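Undergrad: can't give you the sequence, but here's the structure:
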């Protein structure tokens, strides 16, 4: 009992000390942050970004600050599971989390994150911030657009609205990604649930191909197997377009995006390094990195052609508060009643 109380007291005190680091705004802030991070020596990142991107970021961060970045890559769900298990066992785990915003919202609700401040906030899109708190913030976006093969789809016949997708010319020529439940939910809500579900029932009646993976879907557009990909990621289409593939993309209103967000661990044992890396990723240097690897940066100070259209970011609370409902409807419409099989 005494040991448990002592551990609880230590945990509360450590969390309070971390909060002081995360929110400090004194004139010597940068010097204190760098000195503390160098003393801590390393920072542990749990992230869904690719191993290749993680290595490139680690090299840039270590070169700039002399602090080592250890990147553990996992699916968004596994990041949450691992964080919860480590919190229960008081294991020395992640200092920083970077994953889909609805999984970050789950970590926030489990009280595993902490408020933090960085001057980089001033340059981020207003859409980067969650409602009511700043315990995570978007670092990058992915936008849902029409992806199409320019040899198979004429400019004059390109849909100008979602309703245009129901034209008979698109029967047998459409594809949808198999796990985009949140995109579906956001659109239905925007249209009004009754009207939105009626639209998707008519879309499902056109028997679109159901493909797993946005990258694969984009590649199949390039090869001509898919003329029109309804919920492509625009960065994937742009990558292929720049490589010379016969593809292009177009947003339909309302255009939605999903955020990948970053936040610092409440009980990090390396709080200076945690905040220093988070600030690095949100700074112009980190955001330029995302631009170079053809992601959509959250910073408005980094120019990109991938966000120059009216858009909204999907509310991450939909996944946590209404996820079962939308999974069930999506499965009935597009998966023949089978469960949604997301990345493990």
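TA: Noted; the coordinates are in hand. What you see is a predicted model; the values in this text were computed from it and never measured.

Undergrad: What's the mean pLDDT across the host helix or strand of residue 78?
TA: Element membership for residue 78 (DSSP states H and E) is helix 76-89. For helix 76-89, the mean per-residue pLDDT is 94.

Undergrad: name the helices or strands packed onto that helix?
TA: Applying 3 or more Cβ pairs under 8 Å, 6 or more residues apart in numbering; DSSP states H and E, we find helix 76-89 packed against strand 42-47, strand 96-100, helix 101-109. Heads up, the C-betas are built off the backbone N, CA and C, glycines and all.

Undergrad: roughly how far is that helix from the heart of the chain?
TA: Computed by Cα atoms, centre = their mean, to the nearest Å, the chain-centroid distance of helix 76-89 equals 18 Å.

Undergrad: cool, and stretch 53-62?
TA: On Cα atoms, centre = their mean, the centre of stretch 53-62 falls 19 Å from that of its chain.

Undergrad: Now do that stretch: everything it contacts.
TA: The contact list for stretch 53-62 (Cβ atoms under 8 Å, 6 or more residues apart in numbering) reads 45, 47, 49, 67-71, 73, 277, 280-281, 285-286, 289, 293.

Undergrad: Just the buried ones out of those, please.
TA: 45, 47, 49, 67, 69, 71, 277, 280-281, 286, 289 (16 or more other Cβ atoms under 10 Å).

Undergrad: Just send those back as TSV, with secondary structure too.
TA: Listed next are those as TSV, based on DSSP: H, G, I helix; E, B strand; the rest coil:
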residue	secondary structure
45	strand
47	strand
49	coil
67	coil
69	strand
71	strand
277	helix
280	helix
281	helix
286	helix
289	helix
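
Undergrad: Confidence-wise, which of the contacts of stretch 53-62 comes last?
TA: Among the contacts of stretch 53-62, residue 293 carries the lowest pLDDT, at 88.

Undergrad: Would you confirm that residue 210 contacts residue 178?
TA: Yes. Between residue 210 and residue 178 there is a contact at 5.0 Å, judged by Cβ atoms under 8 Å.

Undergrad: now the end-to-end length of stretch 65-79.
TA: Criterion Cα to Cα, to the nearest Å; first-to-last residue distance in stretch 65-79 is 26 Å.

Undergrad: neighbouring contacts of that stretch?
TA: By Cβ under 8 Å, 6+ apart, stretch 65-79 touches 34, 37-38, 40-51, 54-55, 57-58, 61-62, 82, 94, 97, 99-100, 102-103, 273, 276-277, 280, 342-344.

Undergrad: before we move on, what about stretch 289-305?
TA: 53, 56-57, 60, 120, 123-125, 127-128, 137-143, 234-235, 238-239, 242, 257, 259, 282, 284, 287-288, 306-307.

Undergrad: pretty sure residue 133 is in contact with residue 114, am I right?
TA: No. Contact criterion Cβ under 8 Å: residue 133 and residue 114 do not qualify, at 10.2 Å.

Undergrad: quick one: which of the two has more around it?
TA: Higher neighbour count among residue 133 and residue 114: residue 114, with 25 against 12, using other Cβ atoms under 10 Å.

Undergrad: And for the more buried one, nearest residue in space, chain neighbours not counted?
TA: residue 266 (4.3 Å; Cβ to Cβ, 6 or more residues apart in numbering).

Undergrad: Enumerate every residue touching the one you found.
TA: Taking Cβ under 8 Å, 6+ apart as the criterion, residue 266 is in contact with 15, 18-19, 111-114.

Undergrad: Buried subset of those as a PyMOL selection?
TA: Burial among those is assessed by 16+ other Cβ under 10 Å; the matching PyMOL selection reads:
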select buried, resi 15+18+19+112+113+114
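
Undergrad: tell me which residues of whichever strand or helix holds residue 328 are tucked away?
TA: Using DSSP H and E, residue 328 sits within helix 317-334. By 16+ other Cβ under 10 Å, the buried positions in helix 317-334 come out as 318-319, 323, 326-327, 329-330, 333-334.

Undergrad: Out of the residues you listed, which comes closest to residue 224?
TA: residue 334 (22.7 Å; Cβ to Cβ).

Undergrad: out of everything not next to it in sequence, what's closest to residue 76?
TA: Using Cβ to Cβ, 6+ apart, the nearest residue to residue 76 is residue 103, at 4.1 Å.

Undergrad: can you redo the buried residues of helix 317-334 as TSV with distance to residue 223 and pLDDT?
TA: TSV is the format used below for the buried residues of helix 317-334 (distance: Cβ to Cβ, whole Å; pLDDT from 0 to 100):
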residue	distance to residue 223	pLDDT
318	33	94
319	32	92
323	33	93
326	31	97
327	30	96
329	31	98
330	26	98
333	26	97
334	22	97
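
Undergrad: Great, nothing more from me.
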